[in-house]
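1. Just need the structure, nothing else, for what follows:
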Amino acid sequence: MSMTFFNEPFYTLSDFDRLFDEAFSARTSVAPRAQVENVATRPMRPRMDLHEDKDRNTMTAQFELPGLTKENVNIDLRDNVLTVSGEYGMESERDERGYSVRERRFGKFARSLPVPQGMKPQDVKANMNHGVLTVMFPRSTPEQAPKKITIA
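-> Numbers count the residues shown, from 1 in each chain. Sure thing, here's the model as predicted:
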């Protein structure tokens, strides 16, 4: 089963506006407000896909982090919450028809998702390849497994 999973503790009204604009722009030819706004002023919010494999008892989260290296990304596990965060600094420069175009984008980002109770840092595996961070962890821990009780 494959699903996109959003888990952020707080959303702003502009986040909801953006989500609705993106959803409805796919059905109409009207450009959403997010495309009209200056992209450089919006905070980076990496896209995340969450996949569940019940047979292997694993969850796999993939984060799109174009232009970043593993040195710019942190993964923390605290209070049953896995947080992927980091800093980005992107610059591009090009010359077009006599005009110089220079664009810069700097900032921080963070995405969090809940993990099973009792998860240990050594249970989490991560790798980064071509701007995609893949994080794997168990879907459930031995502490959550049902315990059989014998009747006396």
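
2. mind checking how far stretch 113-123 is from the chain centre?
-> 17 Å (CA atoms, centre = their mean, to the nearest Å).

3. Which residue lies nearest the spatial centre of the chain?
-> The structure's the chain has its C-alpha centroid closest to residue 48; by CA atoms, centre = their mean the separation is 3.6 Å.

4. show me what contacts residue 128?
-> 65, 69, 70, 73, 134 (CB atoms under 8 Å, 6 or more residues apart in numbering). Glycine gets a C-beta too; all of them are placed from N, C-alpha and C.

5. Could you export those residues as a markdown table, including pLDDT?
-> Shown next, in a markdown table, are these (pLDDT from 0 to 100):
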| residue | pLDDT |
| --- | --- |
| 65 | 89 |
| 69 | 87 |
| 70 | 88 |
| 73 | 92 |
| 134 | 95 |
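
6. sorry, back to before: what about the residue nearest to the residue nearest to the centre of the chain when sequence neighbours are not counted, how many neighbours?
-> Using CB to CB, 6 or more residues apart in numbering and skipping the chain neighbours, the partner closest in space to residue 48 is residue 63 (5.2 Å). Using other CB atoms under 10 Å, residue 63 has 22 other residues around it.

7. In which helix or strand does residue 63 reside?
-> In the assignment (DSSP states H and E), residue 63 maps to strand 58-64.

8. Can you give the distance from that strand to the centre of its chain?
-> Distance of strand 58-64 from the chain centroid (CA atoms, centre = their mean) equals 8 Å.

9. can you check stretch 65-74 too?
-> 12 Å.

10. Give me the contact list for it.
-> 46, 83, 84, 85, 86, 87, 88, 90, 128, 131, 132, 133.

11. Show me which residues of it are buried.
-> 65, 68, 73 (16 or more other CB atoms under 10 Å).

12. what's the answer for stretch 92-99, then?
-> For stretch 92-99, it's none, nothing buried (16+ other CB under 10 Å).

13. what's the offset of it from the middle of its chain?
-> That offset, for stretch 92-99, works out to 32 Å (CA atoms, centre = their mean).

14. residues in contact with it?
-> So stretch 92-99 is contacted by 100, 101, 102, 103 (CB under 8 Å, 6+ apart).
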